[in-house]
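Engineer: predicted coordinates and the sequence they were generated for:
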Amino acid sequence: MMGTVLAQLPVRTPSVDWAGLLPVLLPAAGALVLLMVRSLVPSRPGGRAGRRAKQVHTGEAVARAARERSEQEREEPRPDASGSHLPAQVLVPAVLDAVWTFAVAVAGLVSVAVLWQRDADVEAFGGQLVMDRIALFVAAVVLGSVALAAPTLPRYCRRVGVASAELCVLALLAAAGAVVMAGAADLIVLFLGLETMSIAAYVMAALNLRRLESLEAGLKYFVLGAFSTAFLLFGIALVYGATGTTNLDGIAGYLDTYIVLRDGMLLAGLAMLLVGLGFKVAAAPFHAWAPDTYVGAPTPVTALMASAVKAAGFAALIRVFVEALGTRADDWRPAVFALACATLAVGSVLAAVQSDAKRILAYSSISHAGFILVGVQAASDEGVAAVLFYLAAYAPVAVGSFTVVAVLSGQRDDRTGLDTLAGLGTRRPALALGLTILLLAQAGVPFTSGFVAKFSVIAAAVEARSYWLAVVAMVSAVVAAFAYLRVVVAMYFRDPGDEADTAEQASKPAIGIGAGAVIVVAVLLTVAMGVVPGVLESLSSTAAGL
Amino acid sequence: MSALASTSFPAALTVLVLVPAAGALVLLAMPRNRPDLFKPVALVASATSAVLAVWVLAEFDAGSAAVFQFWQQYEWISGWGVSWQVGVDGLSLFLVVMTALIFPLAIVGVDAEHSPKPYYAWMLVLEAGCLGTFLALDLVMFFVFFEIVLVPMYFLIGGWGHGRRAYAAIKFFLFTMFGSALMLVAIVALAFLHSSAVGGAVTFDLTAIAESQVLATNTARWLFLAFALAFAVKVPLFPVHTWLPDAHTNAPTAGSVILAAVMLKLGTYGLVRFGLYLFPEASVYFAPLMITLGVIGIVYGAIAAAMQRDLKRLVAYSSVAHLGFIVIGTFALNTEGLTGGVLQMVNHGVSTGALFLLVGMIYERRHSREISELGGLQKPAPLLAAVFMVVMLSSVGLPGLNGFVGELLVLLGAFNAHRWWAVVAAAGVILAAVYLLWAYQRVFHGPASGANAEIPDLRWREGLVMVPFVAAIVFMGVYPKPVIERIEPAVDAIIAHVEDNVSGFAEPVADVHPSVSLEDLARSTGKVEHNGGDSGDHSGGGAEHSEEGG
C-alpha cells in the first residue's frame, strides 16, 4: 500500500546506477537478509533453537574456561558438542545458510559478468565508487572465492561446532567490503570498504569458540589490524595534506600537474599507506599476525582470508600506488622491492621449516603475497595484469588447499600436522591427488595455474627491468617448493612402519559432497588455467587496460 | 633455419607428445580392480609413440637435416607470444627416436613393484615430458616441458625407489628446479630484449630470436650463464652433480634407465640447442670454462666410480664421466666435436640405459648391489654376463661398438680446440676401462658361492628387451654412417651459425689457417667419413692453403 503511494509521488533521487552496484549490493543485501531471517524467523522448532543457543553458550563457557587454563590442559570438547553426536536435523539450516551464501555469491558473479560486457565504467556517489574493469575482476575473484568456499561450510560447521549462520553472514559482509575496496576511487571509501571487510574477518577468525587458538587468532588479527588501520588513516591524512584531496584520480591529477617540492609529507603519507596496506596483504615485515591467524581461524575462513581478503588488499595496493601515486613510482618502487624480497624470503623459508600443513599453507600464502608484490613493483599495466592474473589463479588454489585441510582437520579443527597426512595417498588417493595438484600449482609447476601466474609476474618484473627481483622470486619459489614437497612426501612416501599406526591414521576421513565438489572444481580450475591460460590472460589484460 | 612441414602427417610430432599423455589419462580413469590391464595400456601408448618416432625417422629427409622437419605451430598463449611449436632436426632426431624406443622397453622390462596404476601413469607422463622437451621450438614451451619432467621422476623415485628415496627425490627436484628457476628469468628477459630491439610483439620463437642475435655481448653472457646453470644441473656438470648418485641409486630400475638414458640428455641437448644456437658469442667465450668443467667431470666421475662399492652407484658416477665427454665435444665448437657429442648423447643413452637395466636384473636376483657380495655370476648366468660384457665394453668405448665412434669424434674435436684438455680427457677413457672392467671382473668372474651360484639366467622377456640395445650398440659401432650423416648437417649449421655471429671466431680445425673460407671448410669437412680416424682429410683440405704454424 505504502509502496504504491510512494510510487505515485515524484521523488527526486540522486542518479545512482544501482544495477552497476550489484556486485556490492548483492552480498551486502544477502548478508542482511540472512542475518534477519536467521535471527527473527525461527527456522526450526523452538526447542532446537534453544538448543542452538545453549550450544553457543556452551561454546563460550568452554572458551572462557580455556582462557583461564594454561594451554596445555585444554579441555577436550564435550562429546555432546562434537558434530557426530548432534542430531541430523541441525544440519539442515546449515545447508540452507551455505546454499544462500553460494547463491548470493553466484548472483554477484553473474552481475559482474553482465557489467563486464558494458563498455562504460559504472560511477556512483559522485565518482567515489567506480566499478571499472579492475574492480569487476577483483570482485569476481572475491565473490568466486566465497562461492567456492561455501559448499564446505555445512559439514564443517556441524563437525567443528561453528555457528554457520554467523559465518555466512560475515563472509558475505566481508565480500561486500572487499568489493567496495576494489571499486574505491577515494581513499575514504577505500577505508570504509577495508574496515567493513576487516571487522567481518576479525570476527570470522574468532568464530571457533571451542578453540583457544581461534580466539587468539581473532584477537591478534584484530589488534594488529586495528594498529595497521591507524597507519592507513594517518597515511590518508598526510596524503590529503600534501595533495589536498582524497580522491585517487584527484591525487594522480595533482601529482601530474604539480611538482611537490617539499614532499616530506607526501612521502611520509606514502610510507604509512604502504605499511597499512602491507599489513592487510601480510607482506613481511608486517606479516607477524598472519601465520597464527591463519592457523587459528576456522579453516574455511582461512581459505577466504588467503583468497578474497588478499585479493581486496592487493586491489587497494594497485589503486593507491600504481594508479593514484603512479607518478611517484620512483619513490615507492624501491620500498615495494624491499617488501617483496622480504616477503618472499620470509614466506618461503619459514614455510619450509614448518611441520604443520596448515602453517605451511599459511606461510606459503605469505610467499605468494611476495610474488604478487613483484607484480606491483613493476608499476606498469603489465604488472597490474600480472597481479590480477595471480590473484585469480591463486584464489582457487588457496580455497582448494585449505578445504583439503578442513576435511582432515578433525572435530576440533586442529589436526593439521604433517603426520595427519601420513599415508593419505593410500587412504584417500583422490583427495591426496587433489592436494598434490594444488600444491604443485603453488610450487609453480607447469600445466597448472601456478606456473602461468608466476610466469606473468616474472614477465612483468623483467619488462620493468627488475631482474634481481625476478631472480629472488624464482629462487624463493624453489625454497617454497621444498615445503610443498614435504607435504607430498608425508602423503605418499612414508612407509607404514614409520609412524605409530594409530587407528586414526588408518581411518578414511569423510570428505562430504560439498567439500569434494569444492576440491574438484578448484583442481579443474587450476589445471584448466594452466593448460589454457589464454582466457584468463586476455581477461586480466583487458582489466588492466592493455 | 627455415622449417619444413610434413605433408603426409603434419601433426606427427604433436601426436607423438600427446599419445603418452593421453595414455596416462586413460590409466588414471581405469578402474582399480583391473591391475592386469595397466601395463598393457601403458605399453600400447608408449609403443604407439615408438612406432610414430620410427616413422618420423624413416620419413626424415637426411639431405635437409639442418632444418626443422615435421614443423608445426599452434597458438597457445597468444597474448604473451607463446606458441606450441614443434620440429625435429638432425640434433634432436635420434634423441627423440631413442626416447620413444627406450620407454616401451623400460615398461616391458621392469614391472612395477607395487601400485602399478600410478607407476605406469607417471612413466607415460615422463615420456610425454621428455619428448616435448626435445621437440619444443618455443622457449616457454621448452621450459614447460623441461620443468614438468621433474614431477613424474620425483614421484617415481619417491614412490617406487629404494633406500633414502624421499631424500633422493626431494634433492633431485630441488636441484633441478633451482637450476631452471634462473633460466625462466633469462627466457623472459631474452624475449623482451629481443622484441624491444627488433620491434614488434614479444615472441618466444626460438628460431626468430636465435637468428636475429640482437643482444649486447655482456647481456648475452649473463643470459647464457642462467641457461647454462639449468643445463649444467641437468647434465650434470661437476660442482652441481651431487643429486645424480643419490637419485640414480635410489630410483627404481626403470627410473634409473630413463634418468640416465633420456633425462641427462635434456641438459646436453639444451646446451647445444639453447646454448650454442641462442648465444653463440657467449658460448665461445665460456667454452674454456665449460670444457674445464667437462674434463673435471670426466676425471672426477671416473675416480669416484672406481671407488664405489655399490654397482648402481658405480654406473651412476660413470654417467658423470661420460656426460663430461659430451660437454667437451659440444664446446670444442667444431664439427667433429659437436657431432661426436650429439652421437655420444644417443650412445650413452643406449649403453647406460642397458647397464641400469642389467644392474636392475642382478638386483632383482640377488637383492643386493654391493659389489663385494656379488661374484662369479658368469657361471650360473652366462647369457646375462655376455650381454653385460657387450654393454659394458660399449660404455668403455671398445672399437667396433658404438661408444668408440662418439668418443673418438669428441676427442678429435677437443684435440683441435683444446689440445691438452683432450689429452686429459683421453686418460678418462682409460679410467673408464679400469673401473668398468674391474667391476665386471669382481661381479662376474671368480668362484660363485652361496646365493650367487643359484641365480637364474636371463629370462625370455629380459633377453628380448636387451636385443634392441645390443643391436643398436653393434650397429652404431660398425656402421654409424646413417646416423652421422643425419646429425652432421645440423651440426654444421650450428657451427656456421656460431661463426657467422662471432667475429674473429673460426671453427677450430686441425692445421687449417683461420683465414680459410667457409665454403672450403664446409666442403672439406662435409666429405669426411666420421667413423674413425679420418682427420687426415682435414689436413688434406687445409693443405691447399698456405699453412702457418698454429
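Structural biologist: Received, thanks.

Engineer: any low-confidence regions in the stretch 151-300 of chain B?
Structural biologist: Along the stretch 151-300 of chain B, segments meeting pLDDT under 70 are nowhere present.

Engineer: how many other residues sit next to the residue in it positioned nearest to chain A?
Structural biologist: Across the stretch 151-300 of chain B, the shortest distance to chain A (C-beta to the nearest C-beta) belongs to B:Ala181, at 3.6 Å. Every C-beta, even on glycine, is put in place using the N, C-alpha and C of the backbone. By the measure other C-beta atoms under 10 Å in any protein chain shown, the count of residues near B:Ala181 is 27.

Engineer: so who does it touch?
Structural biologist: A:471, A:474-475, A:477-478 (C-beta atoms under 8 Å, 6 or more residues apart in numbering or on different chains).

Engineer: list the residues that contact B:Leu43.
Structural biologist: By C-beta under 8 Å, 6+ apart, the contact set of B:Leu43 is B:104, B:107-108.

Engineer: in what helix or strand does residue 438 lie?
Structural biologist: No chain was given, so I picked chain A. Secondary structure from DSSP states H and E places A:Leu438 in helix A:429-443.

Engineer: try again with chain B
Structural biologist: If you go by DSSP H and E, B:Trp438 is part of helix B:419-444.

Engineer: buried sites along that helix?
Structural biologist: By neighbour count on 16 or more other C-beta atoms under 10 Å in any protein chain shown, the buried set for helix B:419-444 is B:421-422, B:424-426, B:428-429, B:431-433, B:435-436, B:439-440, B:443-444.

Engineer: among those residues, which ones lie close to chain A?
Structural biologist: Among those, no residue lies close to chain A (C-beta under 8 Å from any C-beta of the partner chain).

Engineer: out of these, the closest to chain A would be?
Structural biologist: Using C-beta to the nearest C-beta, these come closest to chain A at B:Val443, 29.6 Å.

Engineer: where does that closest one land on pLDDT?
Structural biologist: Per-residue pLDDT puts B:Val443 at 88.

Engineer: which ones are touching A:Leu344?
Structural biologist: A:367, A:370-371, A:374, A:472-473, A:476.

Engineer: need these in CSV (columns: secondary structure).
Structural biologist: Converted to CSV, the contacts of A:Leu344 look like this (DSSP: H, G, I helix; E, B strand; the rest coil):
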residue, secondary structure
A:Ser367, helix
A:Gly370, helix
A:Phe371, helix
A:Val374, helix
A:Val472, helix
A:Ala473, helix
A:Ser476, helix
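
Engineer: in a markdown table, list those residues along with neighbour count, pLDDT and distance to chain B.
Structural biologist: Shown next, in a markdown table, are the contacts of A:Leu344 (neighbours: other C-beta atoms under 10 Å in any protein chain shown; pLDDT from 0 to 100; distance: C-beta to the nearest C-beta, whole Å):
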| residue | neighbour count | pLDDT | distance to chain B |
| --- | --- | --- | --- |
| A:Ser367 | 26 | 95 | 14 |
| A:Gly370 | 30 | 95 | 14 |
| A:Phe371 | 30 | 95 | 13 |
| A:Val374 | 30 | 95 | 11 |
| A:Val472 | 21 | 94 | 10 |
| A:Ala473 | 29 | 94 | 8 |
| A:Ser476 | 25 | 93 | 9 |
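
Engineer: near chain A, which residues of chain B?
Structural biologist: So chain B meets chain A at B:75-80, B:140, B:143-145, B:147-148, B:150-151, B:154-155, B:158-159, B:165-166, B:169-170, B:173-174, B:177-178, B:181-182, B:184-185, B:188-189, B:192 (C-beta under 8 Å from any C-beta).

Engineer: mind checking which of those land in helices?
Structural biologist: Within the residues of chain B next to chain A, residues falling in helices by DSSP state H are B:140, B:143-145, B:147-148, B:150-151, B:154-155, B:158-159, B:165-166, B:169-170, B:173-174, B:177-178, B:181-182, B:184-185, B:188-189, B:192.

Engineer: can I have the buried ones of the residues you listed as a PyMOL selection?
Structural biologist: In PyMOL syntax, the buried subset of those is picked out as below (16+ other C-beta under 10 Å):
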select buried, chain B and resi 140+143+144+145+147+148+150+151+154+155+158+159+165+166+169+170+173+174+177+178+181+182+184+185+188+189+192
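
Engineer: nearest residue to the residue in the stretch 451-550 of chain B that chain A sits nearest to other than its sequence neighbours?
Structural biologist: With C-beta to the nearest C-beta as the measure, B:Asn501 is the residue of the stretch 451-550 of chain B nearest to chain A, at 23.6 Å. In space, and not counting its chain neighbours, B:Asn501 is closest to B:Pro280: 4.4 Å by C-beta to C-beta, 6 or more residues apart in numbering or on different chains.

Engineer: contacting residues for the one you found?
Structural biologist: Here B:Pro280 is in contact with B:213, B:497-498, B:500-502, B:505 (C-beta under 8 Å, 6+ apart).

Engineer: the helix or strand where B:Gly360 lies - contacts with which helices or strands?
Structural biologist: Per DSSP H and E, B:Gly360 falls inside helix B:335-366. Packing contacts for helix B:335-366, counted by 3 or more C-beta pairs under 8 Å, 6 or more residues apart in numbering or on different chains; DSSP states H and E, involve helix B:90-109, helix B:253-258, helix B:264-270, helix B:311-331, helix B:382-396, helix B:402-417, helix B:460-478, helix B:481-501.
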